[in-house]
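Asks: whatever this is, show me its structure:
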Amino acid sequence: GDTDAVIPITSTRYSIDALKLATVKPWHAWYDNGQVGGWTQEYEGLKFVSVRGAGHEVPLHRPKQALTLFKAFLSGTSMPASASAPAHAHASQLLISDS
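Replies: This is a model prediction of the structure:
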């Protein structure tokens, strides 16, 4: 999550930047039930997703947003990019590999 003191979001973003991956979708908010659930950026072969207000154990701090994230991961879709997009149609701080 974006309040993770163990692995700060800034450190993760610096590490990803060092990989020099091409950006597919720039940094933007994702939504869960009309509220900002966090932020995400998609690269070639990698999706980075943070969960707003969550610490190191996202499902403990933000279970609903964690479920949205897991659904997106399992279905291979992007995080909901608008407040009107239903969370169940798509599925922190987690790195998701597009293998």
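
Asks: worst-scoring helix or strand of the chain, pLDDT-wise?
Replies: None of the helices or strands of the chain scores lower by mean pLDDT, DSSP states H and E than strand 94-97, at a mean of 49.

Asks: which SSE is residue 68 in?
Replies: Residue 68 is part of helix 63-75, with elements assigned from DSSP states H and E.

Asks: any idea how far that helix is from the chain center?
Replies: Distance of helix 63-75 from the chain centroid (Cα atoms, centre = their mean, to the nearest Å) equals 9 Å.

Asks: one more: stretch 4-16?
Replies: Between the centre of stretch 4-16 and the centre of its host chain there is 13 Å, according to Cα atoms, centre = their mean.

Asks: so, low pLDDT: which residues of the protein?
Replies: By pLDDT under 70, the weakly predicted segments of the chain are 84-99.

Asks: show me where it has helices.
Replies: Assigned by DSSP state H, the chain shows helices spanning 9-18, 58-61, 63-75.

Asks: kindly reformat these as a markdown table containing distance to residue 29.
Replies: C-beta: built from backbone N, CA, C; applies to glycine. Putting the helices of the chain into a markdown table (distance: least, Cβ to Cβ, whole Å) gives the following:
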| stretch | distance to residue 29 |
| --- | --- |
| helix 9-18 | 14 |
| helix 58-61 | 17 |
| helix 63-75 | 12 |
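
Asks: out of the ones you listed, which comes closest to residue 44?
Replies: Residue 44 lies closest to helix 9-18 among the helices of the chain, at 11.7 Å (Cβ to Cβ).

Asks: now the closest one: buried residues?
Replies: Applying a neighbour-count criterion of 16 or more other Cβ atoms under 10 Å, one finds 9, 12-13 buried in helix 9-18.

Asks: no further queries at this time; thank you.
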